[in-house]
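1. okay, predicted coordinates and the sequence, questions at the end:
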Amino acid sequence: MNRPREASVRSAPAPAPWRAFAIYVGRVREFRRRDWAVYGAWVGMMCGLSAVTTAFVLIGRRAGAPLPAVANLVPLGAGIFTLAIAVDTIGHRTIYKAALRGAEALVHHVIIVLGVASCLLLCAAYRGGAAYATPALVVTALSFIYSFVDEVMHWRRYLGAQSDAVEMWSHVFILIGHGTMMAGWWLWYAGGYAGVDRTLTALAAGCGAGT
């Protein structure tokens, strides 16, 4: 049913990049209640991750914690990832919704589960060490493997005129953001989570003062 509409995105002359971006983002006006719920849950979760990691690093710096430079990559990557999915998901919930049903939607769900698990396990590895870091490494690797599977599906849609340049570029920045965040996080863990102890102490002291 939606195929003619999707194909028309590529059959017409390509608009200027800024115009194409405005058209893509403007489709948010087509959201229904369920679309807003899904969008809010997914993008909101990533906004939360960006805010928490940014706050953690800032508090650590202010407390004089010896945080390594790679610690900055975690909130930086999370921020890039969040902005990219905020754009990408608009198309997923509107013009490309029908095309994403089935296998591609399942791949997205797998990536989300693996991505969330990798973050939680890496946090747990601060106290639990290799017992948590090992499964964290496995699910991190799998999250990228399935991300590449997803990219193959997206390029097949693009070649079949069922995607556009805005969606494809948003995926580039999704991979940049995710890769930056996880590479920084793993390097931080490999370095013994330097500065985390002092940051947690500062957080505990702040919470104690607040109460």
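-> Alright, I've got the coordinates. Residues are numbered from 1 along each chain as shown.

2. so, low pLDDT: which residues of this protein?
-> By pLDDT under 70, the low-scoring segments of the chain are 1-14, 208-211.

3. nearest residue to the residue nearest the centre of it in space, please, no chain neighbours.
-> Averaging the C-alpha coordinates of the chain gives a centre point, and the residue nearest to it by CA atoms, centre = their mean is F81 (4.0 Å). Across the structure, with CB to CB, 6 or more residues apart in numbering as the measure, the residue nearest F81 apart from its sequence neighbours is G177 (3.0 Å). Every residue, glycine included, has its C-beta placed from N, CA and C.

4. and that neighbour, helix, strand or coil?
-> Taken by DSSP: H, G, I helix; E, B strand; the rest coil, the conformation at G177 corresponds to helix.

5. switch to numbering from 673
-> All right, first residue 673 from here; so that's G849.

6. my guess is it contacts G749. True?
-> Yes - in this structure, G849 is within contact of G749 by CB atoms under 8 Å, at 4.9 Å.

7. the helices in the chain, which residues?
-> Per DSSP state H, the chain has helices spanning 675-683, 689-698, 705-734, 745-764, 769-772, 775-800, 802-831, 837-862, 868-882. These are given in chain order.

8. sorry, back to before: can you tell me which residues contact the residue nearest to the centre of the chain?
-> Residues touching F753, when contacts are defined by CB atoms under 8 Å, 6 or more residues apart in numbering, comprise M718, F845, I846, G849, H850, M853.

9. and the residues you listed as JSON lines, adding neighbour count and distance to G867?
-> Formatted as JSON lines, the contacts of F753 follow (neighbours: other CB atoms under 10 Å; distance: CB to CB, whole Å):
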{"residue": "M718", "neighbour count": "20", "distance to G867": "24"}
{"residue": "F845", "neighbour count": "16", "distance to G867": "28"}
{"residue": "I846", "neighbour count": "22", "distance to G867": "28"}
{"residue": "G849", "neighbour count": "22", "distance to G867": "23"}
{"residue": "H850", "neighbour count": "23", "distance to G867": "23"}
{"residue": "M853", "neighbour count": "26", "distance to G867": "17"}
